[in-house]
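Participant: Fold the following and give me the result.
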Amino acid sequence: MKLTDIETITADLKIDKAQKTAIFKLIDLKTENDMDKFLTKIDSINSEIKRLEDKQDAKFGAMDTKFAMILWAIGLLMALIVTLKVIR
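Facilitator: Here you go, the predicted model:
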C-alpha cells in the first residue's frame with residue numbers, strides 16, 4: 001500500500017490530526033520492525049554464503065595439493081622410466 005493511499009483513506013475517515021499521526025507512527029514502527037527482520041535475515045544468508053565459500057576454498061586448496069603430489073609422482077615415474085631405458 002502506498003502512503004498516498006493511506007493519506008486518502010485517513011482523509012475519508014475524517015479523523016483528527018493526532019489520530020492520523022498515531023496511525024502513521026504505527027505504520028513507521030511496523031515498517032522498521034519488518035526491515036530489521038529482513039536485514040537480520042540477509043546478514044544470516046551472507047554469513048552462510050561466506051561459510052560455504054570458505055569451505056569450498058579449503059576443499060579446492062586440498063585438491064591443489066593432491067594434484068601437485070600426483071604431478072610430482074608422475075614426474076618421478078617418468079624420470080625412472082627414462083633412466084631405466086637409458087641404462088639398458
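Participant: going forward, measure contacts and count neighbours with C-alpha atoms only.
Facilitator: Will do.
Participant: CA atoms only: put the helix or strand bottoming out on mean pLDDT in the chain into CSV for me.
Facilitator: Least confident helix or strand, the chain: helix 3-13 with a mean of 72, by mean pLDDT, DSSP states H and E. Coordinates of each C-alpha in helix 3-13 appear next as CSV, following Å, rounded to 0.1, in the frame of the first residue of the first chain:
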residue,chain,number,x,y,z
LEU,A,3,1.4,6.3,1.5
THR,A,4,-0.8,8.4,-0.8
ASP,A,5,-3.4,5.6,-0.4
ILE,A,6,-3.1,5.8,3.3
GLU,A,7,-3.5,9.6,3.2
THR,A,8,-6.6,9.2,1.1
ILE,A,9,-8.1,6.7,3.4
THR,A,10,-7.4,8.7,6.5
ALA,A,11,-8.8,11.8,4.8
ASP,A,12,-12.0,10.0,4.0
LEU,A,13,-12.4,8.8,7.7
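Participant: mind checking how far it is from the chain centre?
Facilitator: 39 Å (CA atoms, centre = their mean, to the nearest Å).
Participant: cool, and stretch 33-53?
Facilitator: Counting by CA atoms, centre = their mean, stretch 33-53 comes out at 7 Å from the chain centroid.
Participant: Quick check: mean pLDDT of that stretch?
Facilitator: Stretch 33-53 comes out with an average pLDDT of 91.
Participant: again, but for stretch 74-88
Facilitator: For stretch 74-88, the per-residue pLDDT averages 89.
Participant: can you give me the helices in this protein?
Facilitator: Assigned by DSSP state H, the chain shows helices spanning 3-13, 17-87.
Participant: and the angle for the shortest one with helix 17-87?
Facilitator: Computed by axes from the mean of the first three to the mean of the last three CA atoms, to 10 degrees, the angle separating helix 3-13 from helix 17-87 equals 160 degrees.
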